[in-house]
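1. Would you be able to build a 3D model of this:
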Amino acid sequence: MEGLPPLVDQYSHGAVHGELGLGSFEAHLATAVGAQGPAPAGTSYFDTRAGLAIRRWCPPLLGLEPHCPPVRYLARRREVGAFHAGRLLLRGAGIGTFLLETGAPSELTSAAELSAAAEARAHEVVRLEPLAEQVADTSGSVDSFIGYTAEALYAAAQHATAFASGATYCEGRAPDGAEVRRAADRWLRGRRPGDRLAEPALVRHLLWSAVATGLPVQLHCPDPQPLAGFLRATAGLGSDLVLLPGTPHHRRAAQLAAVHSHVYADTGPHPEEALGQAPFGKLLFSSGARGLPELYVIGAQFFLRAMARVVGEWTAEGLCAASDGRRITEMVGSGTARRVYRLVAGAS
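-> Here you go, the predicted structure:
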């Protein structure tokens, strides 16, 4: 669809550094398609929809014909060099702004590195749980953990564009101080360095603390329904919440976004299910890419083609004008994200 501004990718993790052989490339591709272990004998993870999409849209960005064999594509990737290939792919993805989740130590590109490679804007989204885990590794007492966590969250709010959490459930009230202290004591006494935060009261405390900063908060929720009480209770507090549901819960996330004025829903690269469930200004695109720069390319292509199909059908039926279709695509692809995350239009 011509004439659209670059996309705003509101959720991803960055790209890998260094060269990738066939085995390591396929391992990243397997993760992207939710598979484990080696592909069946005689096949590869290029024999997936994502694999076909990589072969269709990525080779031309590296000077090859579409649909070239995987071995030829990876050979060209090595010939160009990992650094330069990553730049060509990211710059050809059609994404002008990246919101990159950070917090846990990672071998992936930082926001600054992704920005330079893609010649685009990149903003940091701080994950709450790793923030608390890092504080716990250096805290000697409950009091120091609670105090240092508050300081770390405040410091993060000065530079982050948003916070994120993997909470699958949160009550419609903040835990009181005594409850937080008891939970911190249980967790600190039982944990070893590197252990993940799994204490529900502490996760609730982090979520409510993040909402108090006024920044948007992304909620990674396989099923958003258990968060309904939290969504209701946070209305009017000044912080927007963005649901990032798992398949097959995009419809439910969009429905919740429609009900609550401060709640928005991520469509991922496949917006079809969500478009009929919420106002278009409550929906946002993301690639969800992690590891392979190719995943940014195909995420953007899947999204744009899905939007073109849907609004094309609506236009053919007389439901909307072609100009409406472009406006709706821009709204979901970039406009809503610029508004929710307070990004500067035209320089986002």
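2. alpha carbons only for contacts and neighbour counts from here, please
-> Will do.
3. Check the gap between Phe230 and Cys170 for me.
-> Plainly put, Phe230 is 6 Å away from Cys170 if you go by Cα to Cα, to the nearest Å.
4. so who does the closest residue to His270 other than its chain neighbours touch?
-> Nearest residue to His270 in three dimensions, chain neighbours excluded: Phe303, at 5.6 Å (Cα to Cα, 6 or more residues apart in numbering). For Phe303, the contacting residues are 268-271, 285, by Cα atoms under 8 Å, 6 or more residues apart in numbering.
5. How about His13?
-> Here His13 is in contact with 100-102, 108-109, 288-291 (Cα under 8 Å, 6+ apart).
6. Single out whichever of those has the smallest pLDDT.
-> Confidence by pLDDT is poorest for Thr102 among the contacts of His13, given 87.
7. correct me, but that residue touches His123?
-> No - in this structure, Thr102 is not within contact of His123 by Cα atoms under 8 Å, at 9.9 Å.
8. For Ala164, identify the helix or strand it belongs to.
-> Ala164 is part of strand 162-165, with elements assigned from DSSP states H and E.
9. What mean pLDDT does that strand get?
-> Averaged over strand 162-165, pLDDT sits at 98.
10. Show the subsequent helix or strand relative to that strand.
-> helix 177-190.
11. Give me the buried stretch members for that following helix, please.
-> 180-181, 183-184, 187-188 (16 or more other Cα atoms under 10 Å).
12. so what's His123 up against?
-> Applying Cα under 8 Å, 6+ apart, the residues near His123 are 97-100, 111, 160-161.
13. could you flag which of those residues are buried?
-> Looks like the contacts of His123 have 97-100, 111, 160-161 buried, using 16+ other Cα under 10 Å.
14. Let me have the residues you listed in JSON lines, adding distance to Val8 as columns.
-> Converted to JSON lines, the buried ones among the contacts of His123 look like this (distance: Cα to Cα, whole Å):
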{"residue": "Thr97", "distance to Val8": "5"}
{"residue": "Phe98", "distance to Val8": "6"}
{"residue": "Leu99", "distance to Val8": "8"}
{"residue": "Leu100", "distance to Val8": "11"}
{"residue": "Ala111", "distance to Val8": "14"}
{"residue": "Ala160", "distance to Val8": "16"}
{"residue": "Thr161", "distance to Val8": "13"}
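15. how distant is the helix or strand of the chain with the lowest mean pLDDT from the center of its chain?
-> None of the helices or strands of the chain scores lower by mean pLDDT, DSSP states H and E than helix 22-32, at a mean of 92. Centroid separation between helix 22-32 and its chain, computed with Cα atoms, centre = their mean, to the nearest Å, is 19 Å.
16. Dump stretch 266-275 to CSV, keeping only the CA atoms.
-> Output in CSV follows, covering the C-alpha atoms of stretch 266-275 (Å, rounded to 0.1, in the frame of the first residue of the first chain):
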residue,chain,number,x,y,z
ASP,A,266,-1.3,-5.7,20.1
THR,A,267,-2.2,-7.4,16.8
GLY,A,268,1.2,-8.8,16.0
PRO,A,269,1.9,-9.3,12.3
HIS,A,270,-1.6,-10.7,11.8
PRO,A,271,-4.3,-8.1,12.5
GLU,A,272,-7.3,-9.8,10.8
GLU,A,273,-8.9,-11.2,14.0
ALA,A,274,-8.6,-8.0,16.0
LEU,A,275,-9.9,-5.6,13.4
